[in-house]
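Chemist: Make a model of this:
(one chain, ligands or ions: 2)
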Amino acid sequence: MLELKGLHYRPSTSEKPVLQGVDLKVHACQPVVVAGASGSGKTTLLEVISGLASPQQGTICWESEPLKQRQRRGMCGVVFQFPERHFLGLTVAQELRLGHRRITTETQERALKKVGLSQVDLRQAPERLSGGQQRRLALAVQLLRKPAILLLDEPTAGLDWSVRDDILELLTQLARDQLLIVATHEPELFQSWSSAAYRLNSGQLHAMSRLT
Ligand SMILES: Nc1ncnc2c1ncn2[C@@H]1O[C@H](COP(=O)(O)OP(=O)(O)O)[C@@H](O)[C@H]1O
Ligand SMILES: [Mg+2]
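Modeler: Ligands and ions are numbered 1, 2, ... in the order given. Reported below is the predicted structural model:
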């Protein structure tokens, strides 16, 4: 279980704090949706959880043990908003090999299968994939790191509705054996998830009874 206790965070370049007492408990296989208006701090929260930023106050625990920033970096897989804008590989294989120099073709193919891309050629250029396929590839890259905690920032943003449904189905599948937190400004899309949902407002998380 991941537990956030009393997180306070103010970026060094900001006058105002972004997180002001964030508490949250997340269990594996029970995905959590964090909703909130633009600028409410959703991305910042994911940065703090994943160890890209360090809170000034509060603790982040895994199975009741406090985690250091370095440990969080190792445990978290993050797919940021519009990940396809940051592909570096010239081919799908190269993209999957970043950070995994000795990865075998078999492992690459297994990673693609897990995200529903088994039909994609490893030699293909990532930018030639469709929008939905690119999102899937970005997910596969993170899944290769076998993250204990998977954090997705606006995974449905900028996709047309039919592709969004496919991505939602994939996320539902992944959430079955993965601790997953999704930050989104369109929580209504996640209504079929019976899991917990929270709204980030004034730097704090409030439980939502309905995802609208
Ligand atoms: N490094 C930073 N320096 C200054 N302000 C920041 C920084 N990071 C985030 N902020 C501010 O924190 C607030 C929350 O931003 P963000 O986490 O991107 O919100 P969201 O993802 O919900 O749209 C915004 O007002 C933003 O301007
Ligand atoms: Mg954001």
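Chemist: Spell out which parts of this protein neighbour ligand 2.
Modeler: Within the chain, the positions near ligand 2 by C-beta under 5 Å from the ion are 42-43. Using the backbone N, CA and C atoms, a C-beta is placed for each residue, glycine as well.
Chemist: now with 8 Å?
Modeler: 38, 42-44, 81, 153-154, 183, 185 (C-beta under 8 Å from the ion).
Chemist: give me the subset of the residues you listed touching ligand 1.
Modeler: Near ligand 1, judged by C-beta under 6 Å from any ligand atom, the entries from the residues of the chain next to ligand 2 are 38, 42-44.
Chemist: what would the residues you listed look like in TSV with neighbour count, secondary structure and pLDDT?
Modeler: Below are these laid out as TSV (neighbours: other C-beta atoms under 10 Å; DSSP: H, G, I helix; E, B strand; the rest coil; pLDDT from 0 to 100):
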residue	neighbour count	secondary structure	pLDDT
Ser38	7	coil	96
Lys42	24	helix	98
Thr43	19	helix	98
Thr44	23	helix	98
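Chemist: and of the residues of the chain next to ligand 2, the nearest to ligand 2?
Modeler: Distances from ligand 2 to these, taken as C-beta to the ion, are shortest for Thr43 (3.3 Å).
Chemist: didn't the closest one look like it was pressed against Ala183?
Modeler: Yes - if you go by C-beta atoms under 8 Å, Thr43 and Ala183 touch, sitting 6.6 Å apart.
Chemist: joint contacts of those two?
Modeler: By C-beta atoms under 8 Å, 6 or more residues apart in numbering, Thr43 and Ala183 have these common neighbours: Asp153.
Chemist: Quick check: end-to-end length of stretch 9-18?
Modeler: Stretch 9-18 has an end-to-end distance of 6 Å (criterion: C-alpha to C-alpha, to the nearest Å).
Chemist: do stretch 22-36 as well
Modeler: Taking C-alpha to C-alpha, stretch 22-36 runs 14 Å from one end to the other.
Chemist: and it, is it in reach of ligand 1?
Modeler: Yes - judged by C-beta under 6 Å from any ligand atom, stretch 22-36 comes into contact with ligand 1 through Gly36.
Chemist: that older thread, wait, which of the residues of the chain next to ligand 2 is closest to Ile103?
Modeler: Asp153 (24.9 Å; C-beta to C-beta).
Chemist: tell me which residues of the helix or strand of the chain with the lowest mean pLDDT are tucked away?
Modeler: When the helices and strands of the chain are scored by mean pLDDT, DSSP states H and E, helix 161-174 comes last with a mean of 94. Within helix 161-174, the residues that count as buried by 16 or more other C-beta atoms under 10 Å are 163-164, 167-168, 170-171, 174.
Chemist: and what of stretch 51-60?
Modeler: For stretch 51-60, a neighbour-count test (16+ other C-beta under 10 Å) marks 51, 53, 55, 58, 60 as buried.
Chemist: Nearest to ligand 2, out of those: which one, please.
Modeler: Ala53 (13.4 Å).
Chemist: ok, now which ones touch that closest one?
Modeler: Counting by C-beta under 8 Å, 6+ apart, Ala53 makes contact with 9, 11, 44, 47.
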